[in-house]
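Participant: A structural model of the following input is requested.
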Amino acid sequence: MSGLIRLFSGVVLAALTAAAAAAPPVARVEPVTDTHFGEKVVDRYRWMENDKDPDWLPFLKNQNLHTRSVLDTLPLRGELLARIQQLSGDVTAVADIQRAGARSFYQQRPAGANNHKLFVQENGKSRMLVDPTTLDTATSHYSLDWWVASPDGSKLAYGLSKDGSEDSVLHIMDVASSAILPERIANTQAAYPSWLEDSSGFFYNQLTGKVNTPERYLNSRVRFHRVGDDPAKDRILMARGLDRAVKYESNQSPYVFATPHSRHAVLMITDVRQEKRFLVAPLQDVLKGRARWTHVTDFADQVTSAEVHGDELYLLSTLKHPRGRIVKVAAQSPALGSAREVVAESGLVIQGMLRAKDGLYLRAMDGGIGRVLRLDANGKLATIALPFDGTVGTLAADPNTPGVLMLLSGWLTPTGIWSIDAAGKVTDTGLTPKPPIDVSAYTTERRFATAKDGTKIPYSLVYRKGLKKDGRNPAFISAYGSYGAAAYTPSFVNRSLALIDQGAIVGFANVRGGGEYGRDWHRAGQLENKPNTWRDLIAVVEDMHKEGYTAPAHTAIGGRSAGGIPTGMALTERPDLFAAVVSGVGWHNPLRYVAEQNGYGEEGEWGAIRDKAGYKALKSIDSYQAVKDGGKYPAVLLTTGVTDPRVAPFHPAKMAARLQAASASGKPVLLRVDFDAGHGMGSTRAQQDAEAADTYAFILAQTRGK
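Facilitator: Numbers count the residues shown, from 1 in each chain. The predicted model follows:
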């Protein structure tokens, strides 16, 4: 085996040396200096924020050509891609479910398919409703962004967008006939339609800002659409300045929700924070455009969700109860001070709630492991016994039907659609066939690293059985830690099995900033506390080194989107710990959020640059600005999609240019660009397979056999 490893290392070294002969294109340097609270910050590549700059697309294309010249010559890439295509093709992937009347809706990518489609099941039979791949061309593709069926299942509202842009156009379907109605509503990326009980129309959120500008997500508004009417005439029911009694910021978005069997509508004002502001009004007054909204909660009340049941309003609150509790108020006179507690805080983190005929179902989590509870009409709380420890991704309920549908997954168990009946019995619906993938050779392990302040940081590992702890195993550890989201809970590692088959360990660090242990865990990695996020990742890597799982020469770290913060900052703070770093559509230049369309809405999580404390917090997480000339940085692979609406492509592009100019290690810094993709939500299976093959080949080239 050692001879094979030496041979592999020699081939890889030769390939990388040959590719290095064609150096990456050198980015134009055009410094711009900003002054924040007396401190000067130099930005060498500000011009990249202008996607109309004549050098922008040529730079991306030439960077990608160089990256392809490196990745395509790696000897394992073809083998990895073939295995990844087999693994992803064998899996029936489920994204979402809804129960509506006698119908069950589910979004699924069938085995072998290239993109997700929407199906409906009724009377024991399933049929396809929406297939976005029928709109694909040779050079572009369409994706199903979101969908919501009406309460009785007779109508469907859904959003389609092109090339992963998430710039949705709303469509309406009559479910019985599958007929697509003539209405089209643009600018509905975050529409979240809420249907009236009689399926005659729905409330929806519509964006007003221009695409690809910092104003894109500012000043959105709520409108009501009656099926069959001209969308251009849809009544605007809530917008900034429309109601003098309801004031909110431009980066906050309004939503109106109706609920079956209730005469009350709920207005939710939200931003990037998990906490929301809620108001109520009579539904009929809202529809007539003369609602007098009654205040229920402000952001400071730390209420994260609300559920109406008749004349009662259930609220999930974390105020002084960071893992959450459920309280109840009268919807007509919702005095929070007199709210009655119906579910007390416990060791579980309550993530959400929804109403079924037989009670209120709670989706909860125990340090990343999913749990389901039910509160019945008598106030009795019971825990539902699940078939295995995993992630409860979604619960779907109908207020007229007992029980719920559930998405449940594990590290070595694909996501399945399960049903929970009124007796608490959990059954696999069979809507997601089990793939012919033998997982008996793999195992999982949950460990805890100790952070500098003594906090125990959980992390999970997946590897082949019989692993030797000799410090020579390649390892790829991912982290996220933002928005209070538990990003890395058990989810089938199907593509990653290709990397694990090569002797690698795949790991997931549940760093602070996420929600694995509730609001306190989020707050400990938010704003001025954000350094805990990447230092927790460092602690996990150091623990793995100490225990002999791997060593610096064999370690790669990675993250996607906001995961670019711990990835980029760990890279710049402790480059000695890693052989390779992979940042997928990563956020690296937060100080310039003011230049991207998904910027101002993020201020609640990261801070506002106009405030001194916000500026300091933002600068502390800016890995682009943290790169030092002459630093000996590990090999780096950055990826982006040119239609990305969430993390502007200038973030990975600037980071790549800066590292290429600054690094003195001689190791490659690659920028991978997908010109038919955005943030990844709308990417096809083929696109995801190709990115995974590139990523794993790059990691193995840098971590194996040294």
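
Participant: What separation is there between Phe202 and Pro25?
Facilitator: 49 Å (Cβ to Cβ, to the nearest Å). No exception for glycine: its C-beta is placed from N, CA and C like everyone else's.

Participant: Look at those two and report which has more neighbours.
Facilitator: Under the criterion of other Cβ atoms under 10 Å, the comparison of Phe202 against Pro25 puts Phe202 first, with 24 against 18.

Participant: List the contacts of the more buried one.
Facilitator: The neighbourhood of Phe202, defined by Cβ atoms under 8 Å, 6 or more residues apart in numbering, consists of 148, 150, 157, 193-196, 224-225.

Participant: Parallel or antiparallel, which strands does the host helix or strand of it pair with?
Facilitator: Using DSSP states H and E, Phe202 sits in strand 201-206. Using DSSP bridges, the strands paired with strand 201-206 are strand 194-195 (antiparallel), strand 221-226 (antiparallel).

Participant: Comparing those, which comes out most buried?
Facilitator: strand 194-195 (a mean of 24; mean count of other Cβ atoms under 10 Å).

Participant: count of residues packed around Lys328?
Facilitator: 18.

Participant: repeat for Leu144
Facilitator: Applying other Cβ under 10 Å, we find 24 residues neighbouring Leu144.

Participant: Including mean pLDDT, could the strands paired with strand 201-206 go into TSV?
Facilitator: Converted to TSV, the strands paired with strand 201-206 look like this (pLDDT from 0 to 100):
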stretch	mean pLDDT
strand 194-195	98
strand 221-226	98
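
Participant: what sits against Asp428?
Facilitator: Neighbours of Asp428 in contact, by Cβ under 8 Å, 6+ apart: 387, 416-418.

Participant: Going by neighbour count, which of those are buried?
Facilitator: 416-418 (16 or more other Cβ atoms under 10 Å).

Participant: thinking again about what came up before, would you reformat the strands paired with strand 201-206 as a markdown table and include distance to Lys452?
Facilitator: Listed next are the strands paired with strand 201-206 as a markdown table, based on distance: least, Cβ to Cβ, whole Å:
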| stretch | distance to Lys452 |
| --- | --- |
| strand 194-195 | 46 |
| strand 221-226 | 46 |
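
Participant: Among these, single out whichever gets nearest to Met544.
Facilitator: Met544 lies closest to strand 194-195 among those, at 46.0 Å (Cβ to Cβ).

Participant: residue nearest the centroid of this structure?
Facilitator: Ala487 (7.2 Å; Cα atoms, centre = their mean).

Participant: so what's it up against?
Facilitator: Listed by Cβ under 8 Å, 6+ apart, the contact set of Ala487 reads 480-481, 514, 563.

Participant: And Ser199, by the same measure?
Facilitator: 150-152, 154-155, 227.

Participant: and these, which of them are in strands?
Facilitator: Lys155 (DSSP state E).

Participant: coming back round to it: angles on the backbone of the residue nearest to the centre of the chain, please.
Facilitator: For Ala487, the backbone dihedrals (degrees, to the nearest 10) come out as phi -80, psi -40.

Participant: Please apply the same query to Leu467.
Facilitator: According to degrees, to the nearest 10, Leu467 has phi -60, psi 140.

Participant: now do Ala93
Facilitator: phi -100, psi 130.

Participant: That one and Gly584, how far apart?
Facilitator: Counting by Cβ to Cβ - Ala93 and Gly584 are separated by 18 Å.

Participant: ok so, going back, ok, which pair from the contacts of Asp428 is furthest apart?
Facilitator: Longest distance between any two of these is 12.9 Å, between Pro387 and Ile417; criterion Cβ to Cβ.

Participant: so who does Ala693 touch?
Facilitator: 77, 80-81, 84, 498.

Participant: wait, is it part of a strand?
Facilitator: No - counting by DSSP: H, G, I helix; E, B strand; the rest coil, Ala693 is not part of a strand but helix.

Participant: For it, which non-adjacent residue is closest in space?
Facilitator: Leu81 (3.8 Å; Cβ to Cβ, 6 or more residues apart in numbering).
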